[in-house]
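Asker: the sequence and its predicted three-dimensional model are supplied below.
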Amino acid sequence: MIVDAHVHVFRRAELDGREPDALVPAERDAPVEQLLALMDGAGVDRAVLVPLDEHDEYVASVLDHRFAGIAVGLHSLPQRRERFAFDGVRTQRLDDMDALRWIAAEGLVLWTYLEPDQLPALLELPAVLPELRIVLNHLGFFPHDMRVDAYGRPRFEDPLPPDRVEAVLSLARHENVHVMLSGQYALSAEDAPYRDLDGLIRRLADAYGAERMLWASDHPWIDDVPGYGATAALPELALPDASEAELAAIRGGTALRLFPRLSGGT
């Protein structure tokens, strides 16, 4: 079973109440039907849905056996889970330890997309909460100074400074930390298939092992360039020596272990 471990679905701002911005202007639309058509075309069976922000009503409304869901933000999590059966929580900051403890106690997954000043807290967190399963989004990079490129995608300058890369690699010593193989389009200095990132991806694979890596497309930003199918092929291009079992873990097995709900249904 192949799992796309990080996608966004949303409606036009007039329909879902979100605040438009340069990346997601008011008229931009990514309904779940569009995602499912792409998944079917690429042979992808399941996906993890991530709202753009705390306006998560649309994601909550489309959850079924094909999807796991991620909430955004740490506030009021128990109350929010009464209406949105999310499986994990995405955050840019780690300054609410009570919320992090609640996530761990509920058996949920922490989806990290952290601001750069959160690195010291991240380095401590796996040992403080060893029962908390952590996934570092998009090769573990720390977003800053985002712009929108000519294809309507997020873009970052100098996204992978060596000190942060080494910190992400050092976190592999904690068995509860995982890393997402995604976001290459926003992090590479080259066009697809982003060969300048191969060395980093191989180092991550050596450090974490396939059983703690997850492939994701980051739909819809990649739908036009390089295309959903091209993104699905990136793990085996970056890791040509990976075994079939290792590729199966990256392309679905790890996500199925983190999100048991994805294994149910047909």
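Answerer: Sure thing, it's come through. For clarity, every value in this text was computed on a predicted model and none was experimentally measured.
Asker: ok, and what's touching stretch 6-17?
Answerer: Applying Cβ atoms under 8 Å, 6 or more residues apart in numbering, the external contacts of stretch 6-17 come out as 18-20, 24-32, 34-35, 47-52, 55, 57-59, 62, 111, 137-138, 180, 182, 214, 216-221. For glycine as for every other residue, the C-beta is placed from the backbone atoms N, C-alpha and C.
Asker: now do 6 Å
Answerer: Contacts of stretch 6-17 with the rest of the structure, by Cβ atoms under 6 Å, 6 or more residues apart in numbering, involve 20, 26-27, 29-30, 32, 35, 47-50, 52, 55, 58, 182, 216, 218-219.
Asker: and that stretch, end to end?
Answerer: Using Cα to Cα, to the nearest Å, one end of stretch 6-17 lies 22 Å from the other.
Asker: what of stretch 234-248?
Answerer: Length of stretch 234-248, first residue to last, Cα to Cα: 13 Å.
Asker: buried residues, that stretch. List them.
Answerer: 234, 235, 236, 238, 239, 242, 246, 247 (16 or more other Cβ atoms under 10 Å).
Asker: repeat for stretch 109-118
Answerer: Within stretch 109-118, the residues scored as buried using 16+ other Cβ under 10 Å are 109, 110, 111, 112, 113, 114, 118.
Asker: so how far does it reach from one end to the other?
Answerer: End-to-end distance of stretch 109-118 (Cα to Cα): 18 Å.
Asker: next one: the helix or strand bottoming out on mean pLDDT in the chain to chain centre, how far?
Answerer: None of the helices or strands of the chain scores lower by mean pLDDT, DSSP states H and E than helix 13-16, at a mean of 90. Taking Cα atoms, centre = their mean, to the nearest Å, one finds helix 13-16 lying 23 Å from the centre of the chain it belongs to.
Asker: would you mark the buried spots in it?
Answerer: 13, 16.
Asker: hey, where'd the helices end up in the chain?
Answerer: Here the chain has its helices, by DSSP state H, at 13-16, 32-42, 57-62, 77-81, 97-105, 119-128, 162-170, 184-187, 198-208, 228-232, 234-238, 244-248, 254-258.
Asker: show me the contacts for residue 194.
Answerer: With Cβ under 6 Å, 6+ apart, residue 194 has these contacts: 184, 188.
Asker: now do stretch 120-137: distance from first to last residue.
Answerer: Stretch 120-137 end-to-end distance (Cα to Cα) = 17 Å.
Asker: who touches it?
Answerer: Counting by Cβ under 6 Å, 6+ apart, residues outside stretch 120-137 touching it are 94, 104, 109-114, 174, 176-180.
Asker: got it, and stretch 157-172?
Answerer: Contacts of stretch 157-172 (Cβ under 6 Å, 6+ apart): 119, 140, 141, 142, 177, 187, 207, 208.
Asker: in that stretch, which residues are buried?
Answerer: 159, 160, 165, 167, 168, 169, 171, 172.
Asker: tell me the one of these nearest residue 256?
Answerer: Using Cβ to Cβ, residue 172 comes nearest to residue 256 of the buried residues of stretch 157-172, at 20.7 Å.
Asker: so for that closest one, what's the pLDDT?
Answerer: Per-residue confidence (pLDDT) for residue 172: 98.
Asker: would you agree residue 38 is in contact with residue 227?
Answerer: No: look at residue 38 against residue 227 with Cβ atoms under 6 Å: they stay out of range, at 9.0 Å.
Asker: those two: who's more crowded?
Answerer: A direct count of neighbours by other Cβ atoms under 10 Å for residue 38 and residue 227 places residue 38 higher, at 22 against 15.
Asker: related to what we said a few turns ago, buried subset of the contacts of stretch 6-17?
Answerer: Buried by 16+ other Cβ under 10 Å: 30, 32, 35, 47-50, 52, 55, 58, 182, 216, 218-219, out of the contacts of stretch 6-17.
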